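Asker: structure for the following, please:
(chains A and B)
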2 protein chains.
Amino acid sequence: MPAISSVTIRRARRDDVGVIVGMLADDPLGCGRERLEQPLPPSYFRAFEALEQDPNIQLVVAEDGDGAVVGCLQLCILPGLSSQGASRGLIEDVRVASRCRSRGIGEQMVQWAVAEARAKGCKLVELLTHHTRVDAQRFYVRLGFQPSHVGMTLRF
Amino acid sequence: MPAISSVTIRRARRDDVGVIVGMLADDPLGCGRERLEQPLPPSYFRAFEALEQDPNIQLVVAEDGDGAVVGCLQLCILPGLSSQGASRGLIEDVRVASRCRSRGIGEQMVQWAVAEARAKGCKLVELLTHHTRVDAQRFYVRLGFQPSHVGMTLRF
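Answerer: Numbers count the residues shown, from 1 in each chain, chains lettered A, B, ... in the order given. So this is what the prediction gives:
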């Protein structure tokens, strides 16, 4: 097991988009969905601009000691009436660069997201993880999550 | 089986909050989480104001032919980088008044949300449903959803 890497979590910038898409594509499920080309399809940059304009969404990256981006995560803080009007946090698109896995980077990112959701008044943090990602489910259970729900999806 | 009720889907207004909270509370899971009091705790109205200010969230109600609110649903359109920068739709807090169930009202609301997400450019609609809600899972499968993910939650 490699040593734990301490990372800095910061907001993603436009010039991180290529590295983030690289991590999204370097994945058994993501590889068929992304287009990792040079130049990147403009749809990624349009999405980044939409993210930047949404005050309830934070796309963050984990930066190692050398300033390299080694992970990403998206956190949405969603207001809602249920649970006495409590907001909830939704975590999506958690990725760690394949060369940097098993060093606690995913844990630091998810713990950051949980703390941030809590600080923003959420009473619940939720996420969907594909049923084949058994290691991810074990990871989230270790961080206190429960596999309490079925995550249902409809793709067009 | 009662006849199918055709409903109108419209944005929720502040004066719907009480009826919506009533439906959220009239539920095996919701009954322990809500506070259905007169007057309603102000946290519900604060949440409603936050919802109204968020351009990516629509809290809608289903109104029957007499103008009574008989269902609710929240749809969030979330930008993101994955799937080539496609937005996704998140459906939450789907409820139908207990006296009006099995009349196709939930189906009309969910079909509205799917069409709305599609019109806004989403390539995916997702939702979490508690693992004990077996009827709900069957309902969503009938509408084309797949139980592809595990929905993980962390409550504070």
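Asker: SS state for A:Leu154?
Answerer: Following DSSP: H, G, I helix; E, B strand; the rest coil, A:Leu154 is assigned to strand.
Asker: beta partners of it?
Answerer: Here A:Leu154 shows beta-bridge partners B:Val125, assigned using DSSP bridges.
Asker: quick check: it touching B:Val141?
Answerer: No - contact criterion CB atoms under 8 Å: A:Leu154 and B:Val141 do not qualify, at 10.1 Å. To be clear about C-beta, it is placed using only N, CA and C from the backbone, and glycine gets the same treatment.
Asker: the two: which is more packed in?
Answerer: A:Leu154 (22 against 12; other CB atoms under 10 Å in any protein chain shown).
Asker: got the contact list for that one?
Answerer: Applying CB atoms under 8 Å, 6 or more residues apart in numbering or on different chains to A:Leu154 gives the contacts B:114, B:124-126, B:143-146.
Asker: could I get the pLDDT score of it?
Answerer: Listed pLDDT for A:Leu154 reads 98.
Asker: strands along chain A, start to end?
Answerer: A:8-11, A:57-63, A:69-78, A:88-96, A:124-130, A:146-155 (DSSP state E).
Asker: quick one: strands adjacent to the fourth one?
Answerer: Looking back up the chat, that one is strand A:88-96. strand A:69-78 (antiparallel), strand A:124-130 (parallel).
Asker: to B:Gly85, which of those strands lies closest?
Answerer: Nearest to B:Gly85, of all these, is strand A:69-78, at 12.3 Å by CB to CB.
Asker: any regions of chain A where pLDDT drops low?
Answerer: For chain A, the stretches with pLDDT under 70 are A:1-3.
Asker: could you point out the longest helix of it?
Answerer: Longest helix in chain A by number of residues (criterion: DSSP state H): helix A:105-119.
Asker: what residues are up against the residue lying farthest from the centre of chain A?
Answerer: In chain A, the residue that sits farthest from the middle, by CA atoms, centre = their mean, is A:Gln84; the gap is 26.8 Å. When contacts are counted by CB under 8 Å, 6+ apart, A:Gln84 is found next to B:33-35, B:41, B:43-44.
Asker: buried ones in the longest helix of chain A?
Answerer: A:105-106, A:108-110, A:112-114, A:116-117 (16 or more other CB atoms under 10 Å in any protein chain shown).
Asker: let's see it as CSV, backbone CA atoms only.
Answerer: Output of helix A:105-119 as CSV, limited to C-alpha atoms (Å, rounded to 0.1, in the frame of the first residue of the first chain):
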residue,chain,number,x,y,z
ILE,A,105,-7.1,10.9,-1.9
GLY,A,106,-10.7,9.8,-2.5
GLU,A,107,-11.3,9.8,1.2
GLN,A,108,-10.0,13.3,1.6
MET,A,109,-12.2,14.6,-1.2
VAL,A,110,-15.3,12.9,0.1
GLN,A,111,-14.6,14.0,3.7
TRP,A,112,-14.2,17.6,2.4
ALA,A,113,-17.6,17.3,0.6
VAL,A,114,-19.3,15.9,3.7
ALA,A,115,-17.9,18.7,5.8
GLU,A,116,-18.8,21.3,3.3
ALA,A,117,-22.4,20.0,3.0
ARG,A,118,-22.7,20.0,6.7
ALA,A,119,-21.3,23.6,7.0
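Asker: helices or strands up against that helix?
Answerer: With contacts defined as 3 or more CB pairs under 8 Å, 6 or more residues apart in numbering or on different chains; DSSP states H and E, helix A:105-119 has these neighbours: strand A:8-11, strand A:57-63, strand A:69-78, strand A:88-96, strand A:124-130, helix A:134-142.
Asker: how distant is the fifth one from the center of its chain?
Answerer: Translated: strand A:124-130. 11 Å (CA atoms, centre = their mean, to the nearest Å).
Asker: residues in contact with that strand?
Answerer: Contacts to strand A:124-130, defined as CB under 8 Å, 6+ apart, come from residues A:29, A:83, A:86, A:88-92, A:94, A:113-114, A:117, A:136-137, A:140, A:145, A:149, A:151, A:153, B:126, B:128, B:148-156.
Asker: contact partners of stretch A:34-54?
Answerer: A:12, A:14, A:17-18, A:21-22, A:24-25, A:57, A:59, A:74, B:56, B:79-87.
Asker: buried ones among those?
Answerer: A:12, A:17, A:21-22, A:24-25, A:57, A:59, A:74, B:56, B:79-87.
Asker: on that earlier part again, quick check on the contacts of A:Leu154: which are buried?
Answerer: Taking 16+ other CB under 10 Å as the criterion, what is buried in the contacts of A:Leu154 is B:114, B:124-126, B:145.
Asker: nice, that's everything, thank you.
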